[in-house]
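# Have a look; sequence and predicted model below, questions after that.
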Amino acid sequence: MTSPTITETANPDRETERRLAQQEMAIAKKYIGPFPVFMAIWCFANLACWLSLWPLVLTGTLPLWAGFIIATFNVALCYLPSHEAQHSNYAAAGKPLRWLNELIGYVSTIPLVLPFKVARYTHMLHHTYTNDPVRDPDYEVIAPTWWQAILKSFERMQPRFPNAYGRILGEHADDPMAKRAAIEGAVQTLSYWAILTILAWSGYALEAAALWWAPRILGVVYISLFLSWWPHHPMHEMGRYRNTRSFSFKFGNLLALGMEGHIIHHLHPGMPLNRNKAAFLEMRPILEARGCRLEDHHG
């Protein structure tokens, strides 16, 4: 395996660097501040929609095929509000709304069966060691093409494939946060399979598969493609301004889960997702001056 190159942009003189840094931060501050109301509403609206599918489908009010389609959208959309909570973007520790930050982090990803503490712990490592073959928990998504990345996502969900998150938590077993994350992960995963088993035993196997099991698989593939593979491909560089990129998705930024300007998130993770694209467009001249990977068609 070839190690990624740690690449920083061409070293500007100190005065130029100071000016670029000031301009970048001035723009970022405009978008970081206000409470991300949109993302909070997204969390609870999406979760309520998914939960409502169960009585609607089980009572025959909604066809099973329609429930499956809606549930798949729900799972694909459930990660991003929790992602904001992982970065404490709703409320930092010690703030009055910290409980809401943690609540969103926990409940948003119930359809995805991704425990909040596991997500937060591994995601912080991803930001610290982006594209590192050993220390980046998301490095396993690496693939030459998008369709190979999809196939690899299905492969990674098979029992024989080593779980990167489990490996990372095991390597940090002495860290109390990693230990708690591992316990929460085990409890939530066992609960998920217990619920599916009870539903199947009760005669609702098809409903359980259509509303949770299959949508979860498809949601994991979709999220992995647009949050991990596309923004970092080909995962060969590790510098702050080179370890991620902008890109253009032919079907639009909305279907790309807002990730076309993912470079902004890595530079300023305190900025809510729904403000990233506007910040990216305003910050673009600065990113160009820094030699960032702007691989989209907006330039």
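The structure has been received and is ready for your questions. Everything numeric in this text was worked out from a predicted model, so none of it was measured.

# C-alpha only now, for contacts and for neighbours.
Fine.

# so how many other residues sit close to Ala194?
By the criterion of other CA atoms under 10 Å, Ala194 has 12 neighbours.

# so what's it up against?
Neighbouring residues of Ala194 by CA atoms under 8 Å, 6 or more residues apart in numbering: there are none.

# hmm, 10 Å instead?
188, 200 (CA atoms under 10 Å, 6 or more residues apart in numbering).

# same thing with Ile263?
231-232, 240-247, 269, 276-277, 280, 287, 292-294.

# Phi, psi for it please.
As for Ile263, its main-chain torsions (degrees, to the nearest 10) stand at phi -60, psi -30.

# Over to the one 3 residues further on?
The phi and psi values for His266, taken as degrees, to the nearest 10, are phi -70, psi -30.

# Measure how buried Ile120 is and give me the count.
Not Ile; residue 120 is Arg. Neighbour tally, Arg120, other CA under 10 Å: 22.

# and the gap between it and Gly105?
For Arg120, the distance to Gly105 (CA to CA, to the nearest Å) stands at 9 Å.

# which neighbours do those two share?
Counting by CA under 10 Å, 6+ apart, the contacts common to Arg120 and Gly105 are 82-88.

# Mind putting those into a markdown table with distance to Ile183?
Shown next, in a markdown table, are the shared contacts of Arg120 and Gly105 (distance: CA to CA, whole Å):
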| residue | distance to Ile183 |
| --- | --- |
| Ser82 | 19 |
| His83 | 20 |
| Glu84 | 22 |
| Ala85 | 20 |
| Gln86 | 18 |
| His87 | 21 |
| Ser88 | 22 |
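
# Return the subset of these lying in helices.
If you go by DSSP state H, the shared contacts of Arg120 and Gly105 have 82-86 in helices.

# In three-state terms, how would Val180 be classified?
That one is not Val; residue 180 is Arg. Of the three states, Arg180 takes helix according to DSSP: H, G, I helix; E, B strand; the rest coil.

# secondary structure element for the closest residue to it other than its chain neighbours?
Excluding the flanking residues, the one nearest Arg180 by CA to CA, 6 or more residues apart in numbering is Lys117, at 7.4 Å. Assigned by DSSP states H and E, Lys117 falls within helix 116-128.

# Go through that helix and flag the buried ones.
Neighbour counts over helix 116-128 (16 or more other CA atoms under 10 Å) mark 116-123, 126-127 as buried.

# and of the shared contacts of Arg120 and Gly105, the nearest to Leu190?
Ser82 (20.8 Å; CA to CA).

# Write the PyMOL selection for whichever of the ones in helices among the shared contacts of Arg120 and Gly105 are buried.
Only the buried members of these enter the following PyMOL selection, criterion being 16+ other CA under 10 Å:
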select buried, resi 82+83+84+85+86
